[in-house]
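In: Give me coordinates for this.
(chains A, B, C and D)
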Protein chains: 2
Amino acid sequence: MDKRYLRSIRLLSECMQLFEKASSKRVRALGFTDSQFDIIATLGNTAGMTCKELGEKTLITKGTLTGVLDRLEAKGIIQRERGADRRQLFIKLTEFGEHQFQLSFPEVVNDGRRAFSAYTQTDFTILEEQLMKLKDTLSSHLD
Amino acid sequence: MDKRYLRSIRLLSECMQLFEKASSKRVRALGFTDSQFDIIATLGNTAGMTCKELGEKTLITKGTLTGVLDRLEAKGIIQRERGADRRQLFIKLTEFGEHQFQLSFPEVVNDGRRAFSAYTQTDFTILEEQLMKLKDTLSSHLD
DNA sequence: TATTGTTATACTCTATAACTATA
DNA sequence: TATAGTTATAGAGTATAACAATA
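Out: Modelled structure (predicted):
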């Protein structure tokens, strides 16, 4: 059994861990949990989406999502609006939420920008190429 | 402000999400939580380590770690042993835990192997090269 | 005094299943 | 009947700070 792929997975996971550790610290300092920020970042720069869509993008199951959205609504970050199909709810950032997004998102990802300061455009191109290939492979072979 | 790095981060995160979704499902089916499996995988093929080390590797803070270890100990997966410095505890897999690791680890990562079935040795080399470069960059510029 | 790990607290996330209202 | 989202429940992870034992 060829285990070479394990090295790639481990590297992938280590990169993600490094990035998440830094961003999680920022997010926490801003008064959000990782799940809450995940929602905010997903809703940012969109016209909003249904709970179903939001759950699929963030991997948060619907039962859990209600609670996370409740807390974000209590903070005035998001709002729920009935859709045409009256079973659906459209979730979107409030004006205040949009403001928070514009304010906090760059702060959270700014560490990332600094981290990549040594990358050239060519470096990015090669990295993106490999990650896209990886993503396609994983998409078509997992689940 | 150059935002090109955001694309790389997003791709990285999407790859990780795909992989974690699949592995989380397996782990859950085996009766473990992600944190618990993280501990098991970290302790597997080692002689054990202190809580401090284990916490650093898994990013689980010490207060939380005690609870996770309690539940793994109750399941007979891990054991705590006093070290030479009697403030420290060495955490290691029990014989049963080692058995569970040998049994479950391949099952969890097997999806990964399948996912990479189309990768050639050259593909792996290039991917690993890019991920190592990324890891080095993130390591030296974050935190 | 500093370090290692535990305890205590309060909150958040999680899975799951039953439920309501729409369709 | 099927779908979208909520509610209910029990368990698990989380941050934080105070604590005990040891160094």
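
In: Stretch A:86-102 and DNA strand C in contact?
Out: Yes. Using C-beta under 7 Å from any atom of the strand, stretch A:86-102 reaches DNA strand C at A:86-87. Every residue, glycine included, has its C-beta placed from N, CA and C.

In: buried set for that stretch?
Out: A:89-91, A:93, A:97-98, A:100-101 (16 or more other C-beta atoms under 10 Å in any protein chain shown).

In: Show residues contacting stretch A:117-129.
Out: Stretch A:117-129 has contacts (C-beta atoms under 8 Å, 6 or more residues apart in numbering or on different chains) with A:116, B:4-5, B:7-8, B:11, B:130, B:133-134, B:137, B:141.

In: Pull the most distant pair out of the buried residues of stretch A:86-102.
Out: The two members of those with the most space between them (C-beta to C-beta) are A:Leu89 and A:Gln100, at 20.5 Å.

In: ok, back up a step: give me the subset of the buried residues of stretch A:86-102 that lies in helices.
Out: Per DSSP state H, helices hold the following members of these: A:97-98, A:100-101.

In: any idea which of those residues is the one closest to DNA strand D?
Out: A:Gly97 (16.2 Å; C-beta to the nearest atom of the strand).

In: could you list every residue that touches that closest one?
Out: Shown in contact with A:Gly97 (C-beta under 8 Å, 6+ apart): A:40, A:43, A:72, A:76-79.

In: and the angle from whichever strand or helix holds A:Asp136 to helix B:121-141?
Out: Using DSSP states H and E, A:Asp136 sits within helix A:121-141. Going by axes from the mean of the first three to the mean of the last three C-alpha atoms, to 10 degrees, helix A:121-141 is angled at 120 degrees with respect to helix B:121-141.

In: send the alpha carbons of helix A:121-141 over as PDB?
Out: Taking Å, rounded to 0.1, in the frame of the first residue of the first chain, the C-alpha atoms of helix A:121-141 are listed here in PDB:
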ATOM      1  CA  GLN A 121       3.600  36.300  -8.800                       C
ATOM      2  CA  THR A 122       5.200  33.200 -10.200                       C
ATOM      3  CA  ASP A 123       5.300  31.500  -6.800                       C
ATOM      4  CA  PHE A 124       1.500  32.200  -6.500                       C
ATOM      5  CA  THR A 125       0.900  30.800  -9.900                       C
ATOM      6  CA  ILE A 126       2.600  27.600  -9.200                       C
ATOM      7  CA  LEU A 127       1.000  27.200  -5.800                       C
ATOM      8  CA  GLU A 128      -2.500  27.900  -7.100                       C
ATOM      9  CA  GLU A 129      -2.000  25.500  -9.900                       C
ATOM     10  CA  GLN A 130      -1.100  22.700  -7.600                       C
ATOM     11  CA  LEU A 131      -3.900  23.500  -5.100                       C
ATOM     12  CA  MET A 132      -6.400  23.600  -7.900                       C
ATOM     13  CA  LYS A 133      -5.300  20.200  -9.200                       C
ATOM     14  CA  LEU A 134      -5.500  18.900  -5.600                       C
ATOM     15  CA  LYS A 135      -9.000  20.400  -5.100                       C
ATOM     16  CA  ASP A 136     -10.300  18.800  -8.300                       C
ATOM     17  CA  THR A 137      -8.800  15.500  -7.400                       C
ATOM     18  CA  LEU A 138     -10.300  15.500  -3.900                       C
ATOM     19  CA  SER A 139     -13.700  16.800  -5.100                       C
ATOM     20  CA  SER A 140     -14.100  14.000  -7.600                       C
ATOM     21  CA  HIS A 141     -12.900  11.200  -5.400                       C
END
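
In: What residues of that helix count as buried?
Out: Quick answer for helix A:121-141 (16+ other C-beta under 10 Å): A:123-124, A:126-128, A:130-131, A:134-135, A:137-138, A:141.

In: quick check, nearest of these to DNA strand C?
Out: After measuring the buried residues of helix A:121-141 against DNA strand C - C-beta to the nearest atom of the strand - the closest member comes out as A:Leu138, at 19.0 Å.

In: Return the distance of the closest one relative to B:Leu69.
Out: 32 Å (C-beta to C-beta, to the nearest Å).
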